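In: attaching a predicted model along with its sequence, questions to come.
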Amino acid sequence: MGLLTNRVERDEIKPGDHIYTYRAVFTYSHHGIFVGGSKVVHFRPKPSLDSSSKSPSDKYVPNLDSSRESSSDKYDSVPSLPSSCPIFPDCGFQPSNSGVVLSCLDCFLRNGSLYCFEYGVTPSVFLAKVRGGTCTTAASDLPETVIHRAMYLLQNGFGNYDIFQNNCEDFALYCKTGLLIVDKQGVGRSGQASSVIGAPLAALLSSPLKLLMPSPVGVATVTAGMYCMSRYATDIGVRSDVQKVPVEDLAVNLGWAGHLLEAPEENEAEASNRQIVMR
């Protein structure tokens, strides 16, 4: 992977890799974990109740935070996956009351290019990557640990989707590192979210400098510097409000353990659907 792009070919990715692809003409990127067998586990807003064409495995319990989730659809939504894939019968598998989905690589990419997220980069490389959501200074855990987290969350969910605190990139970052934000009021782990917040903040902070710097180039340089530093300050590899959380304890830390206890017990048919064989 080069400095300007993280684009890779399909034969270059390995199980446990954090991959992503761009949507809406590079407006945003959608992230997931490649688990092998041409399968990807990723996180998205839950489909609407109005979808009458859903298969039984795609039915779910209404979301308790639908108002906020519907607004996030505009940023990181993924159209409903087909109930049957011509290549992989289990493509689109999604347990009840969960936004975590298993799909094949083709359905995940939707004809887009394939990119691989970088871990353990140096601060200089991180700052050189002007666009957020491409790398982190945090180190990745072993591939088998990453895949375990992704498959566990596929069966148990990842809470409610939130554009700034719990999106698809946050999901992939957690699977790779096991790091969770302690301060739930701040921005999440997502590099995309920090970029969205960092750009206006940098412009706002640098605006008084227009009175001291008559040169537009000088103001632009300072603004770019503030933007990069705001991104770096929110990276999970350097921030102090993160902690390592076992995936089995994630529900308690995210505050949705109670919802799991209130959910009805699954029947045998749904339980058998959870037994996914990686091919």
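Out: Thanks, I have it.

In: export the helix or strand containing Val41 to CSV, keeping only CA atoms.
Out: Using DSSP states H and E, Val41 sits within strand 39-43. The C-alpha trace of strand 39-43 is given here as CSV (Å, rounded to 0.1, in the frame of the first residue of the first chain):
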residue,chain,number,x,y,z
LYS,A,39,-17.0,-13.3,3.3
VAL,A,40,-17.1,-10.0,5.1
VAL,A,41,-18.7,-9.1,8.5
HIS,A,42,-19.7,-5.5,8.7
PHE,A,43,-22.0,-3.1,10.6
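
In: what is it packed up against?
Out: strand 28-36, strand 100-104, helix 105-109, helix 143-156, helix 168-177 (3 or more Cβ pairs under 8 Å, 6 or more residues apart in numbering; DSSP states H and E). Where C-beta positions appear, they are placed from N, C-alpha and C, glycine not excepted.

In: who's in contact with the last one?
Out: Applying Cβ atoms under 8 Å, 6 or more residues apart in numbering, the contact partners of helix 168-177 are 16, 18, 20, 29-33, 41-44, 76, 100, 117, 119, 133, 136, 138-141, 146, 149-150, 153, 158, 179-180, 188-193, 236, 244, 250.

In: on contacts alone, who are the packing partners of the following helix or strand past that helix?
Out: As assigned by DSSP H and E, the chain's next helix or strand after helix 168-177 is strand 179-181. Packing partners of strand 179-181 (3+ Cβ pairs under 8 Å, 6+ apart): strand 242-244, helix 250-254.

In: out of the ones you listed, which is closest to Asn166?
Out: For the helices and strands packed on strand 179-181, proximity to Asn166 was assessed by Cβ to Cβ; helix 250-254 is nearest, at 7.6 Å.

In: adding distance to Val125, write the helices and strands packed on strand 39-43 out as a markdown table.
Out: Formatted as a markdown table, the helices and strands packed on strand 39-43 follow (distance: least, Cβ to Cβ, whole Å):
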| stretch | distance to Val125 |
| --- | --- |
| strand 28-36 | 18 |
| strand 100-104 | 30 |
| helix 105-109 | 25 |
| helix 143-156 | 21 |
| helix 168-177 | 17 |
